[in-house]
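Asker: only geometry, no sequence info:
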């Protein structure tokens, strides 16, 4: 994992925010699954739906942060600023897809 000095502080902060968000969604998943028996029957379906949403969002953030980590490792190895800019443009398009 490259440091902020190699790839820039904003890129590192972005990566860490993605990781924290992923863990927050997984924590929400655990919360909704473990507390579903403590709510009234009418709200249990909503708890399961919230858990499914947290699972999908957590997995999506896992894939996105993994791609972003690969981008950071690639950008740290490149020394040419023009090539770095080109890789950055392609990486943001690939992450968005």
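Answerer: It's in. Every value quoted in this text rests on a predicted model; they were computed, and no experiment measured them. Numbering: from 1, shown residues only.
Asker: Going by C-alpha atoms from here, please, whenever you check contacts or count neighbours.
Answerer: Will do.
Asker: Nearest the middle, which residue of this protein would you pick?
Answerer: Residue closest to the mean C-alpha point of the chain, counted by CA atoms, centre = their mean, is residue 61 at 3.0 Å.
Asker: what's the helix or strand for that one?
Answerer: In the assignment (DSSP states H and E), residue 61 maps to helix 41-77.
Asker: What helices and strands are in contact with that helix?
Answerer: Other elements packing on helix 41-77 under the criterion 3 or more CA pairs under 8 Å, 6 or more residues apart in numbering; DSSP states H and E are helix 4-7, helix 9-34, helix 81-96.
Asker: as a whole number, average confidence for that helix?
Answerer: When pLDDT is averaged along helix 41-77, the result is 92.
Asker: ok now that helix, how far from the chain's centre?
Answerer: What separates the centre of helix 41-77 from the centre of its chain is 6 Å, taken as CA atoms, centre = their mean, to the nearest Å.
Asker: Which of the residues in it are classified as buried?
Answerer: 44, 47, 50-51, 54-55, 57-59, 61-62, 64-69, 71-73, 75-76 (16 or more other CA atoms under 10 Å).
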